[in-house]
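**Student:** here is the input, now give the coordinates:
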Amino acid sequence: MTHKEIIKKIEWKDLKNLSIKEMLIENNLTIPWFVLSITLAYHGHYILALPFSAFFFLTALRQVHNGFHNSLGTNKFLTWLSLYINSVLMMTSIHAVKFNHIRHHKYCLTEQDYEGKSASMTWYGAILYGPIHMFLIHKITLKLGNKYYKRNVIFQLISILIFATIVFYFNIYFLIYHIIVMIIGEFLMAFFAVWTVHHDTHESPEMARTQRTSWKNKITFSMFYHLEHHLFPAVPTIKLPELAKRIDEVLPEIEKKQTF
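**Tutor:** Presented below is the predicted three-dimensional model:
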């Protein structure tokens, strides 16, 4: 069954709309994790801070991912502001990630899909490739992106540099911790955000892997409903569990390769 045939069979357009409560959740999901992480790091409890830093990174990834697809329920400026703030906090140009992610949907797992390069590697190869992946997505955006993307990438990189310079110059130890953890997180993106959801799917790239175990989806904030996302990228993450339910009911025969 083709992508177009699946779209015709599933009711999904109503899932694009967010209630005020859902919009507030999607746009503020990162705050408690960031506050807890920074507070614990400020008091020197780095080990205790680590899981909260991980959850901040994951929820920030969810937030910017929705921003890529204009699914935050906010206007253009507020969506841009979310991408900018998370660029500084996550230590990477989120507009560079966005440019490559949009191309990933258009050219999924082809030679032109620079985001998806690690999908054809071994799991340990994807981990080792992580730093190259982060360098490459910035390079590709500055090379192939239009003026809007290039301007935003440069602005975000300058902002990150200023932030990091201030933090290290004044030796703000709890923010040094945050920067180091975020960079490690970015270096693992080629594995967690690409390999886990796309390995061994090259024959049908649009049929990405997914996750159907309830507790796993809860602790990963529904970020591994990747089959559903690739089929219906305009649907916000908060609505993906409902979308998965509809797909299972209407098209139970679709193969659902598990993420983990």
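**Student:** could I get the buried residue list for whichever strand or helix holds Val153?
**Tutor:** Assigned by DSSP states H and E, Val153 belongs to helix 147-169. Buried residues in helix 147-169, counting neighbours by 16 or more other C-beta atoms under 10 Å, are found at Tyr149, Lys150, Asn152, Val153, Gln156, Leu157, Ile160, Phe163, Ala164, Val167. For the C-beta atoms, the positions are set from N, CA and C on the backbone; glycine is no exception.
**Student:** what about the helices in the stretch 51-200 of the chain?
**Tutor:** With helices called from DSSP state H, counting those that start in this stretch, the stretch 51-200 of the chain shows them at 76-90, 94-106, 123-144, 147-169, 173-187, 189, 196-198.
**Student:** just put those helices in TSV and tack on distance to Ser222 and mean pLDDT.
**Tutor:** Formatted as TSV, the helices of the stretch 51-200 of the chain follow (distance: least, C-beta to C-beta, whole Å; pLDDT from 0 to 100):
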stretch	distance to Ser222	mean pLDDT
helix 76-90	18	98
helix 94-106	17	97
helix 123-144	22	97
helix 147-169	26	98
helix 173-187	18	98
helix 189	18	97
helix 196-198	13	97
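**Student:** so for Leu240, which of those sits nearest?
**Tutor:** helix 196-198 (12.8 Å; C-beta to C-beta).
**Student:** give me the next element, helix or strand, following the closest one.
**Tutor:** helix 214-219.
**Student:** find the nearest non-adjacent residue to Leu72, please.
**Tutor:** Asn66 (5.0 Å; C-beta to C-beta, 6 or more residues apart in numbering).
**Student:** in this structure the one you found contacts Thr74, no?
**Tutor:** No - at 9.7 Å, Asn66 and Thr74 do not qualify as touching, with contact defined as C-beta atoms under 8 Å.
**Student:** more crowded one of the two?
**Tutor:** Using other C-beta atoms under 10 Å as the criterion, Asn66 and Thr74 rank with Asn66 on top: 23 against 18.
**Student:** can you tell me how far the more buried one is from Tyr177?
**Tutor:** To Tyr177, Asn66 is 27 Å away according to C-beta to C-beta, to the nearest Å.
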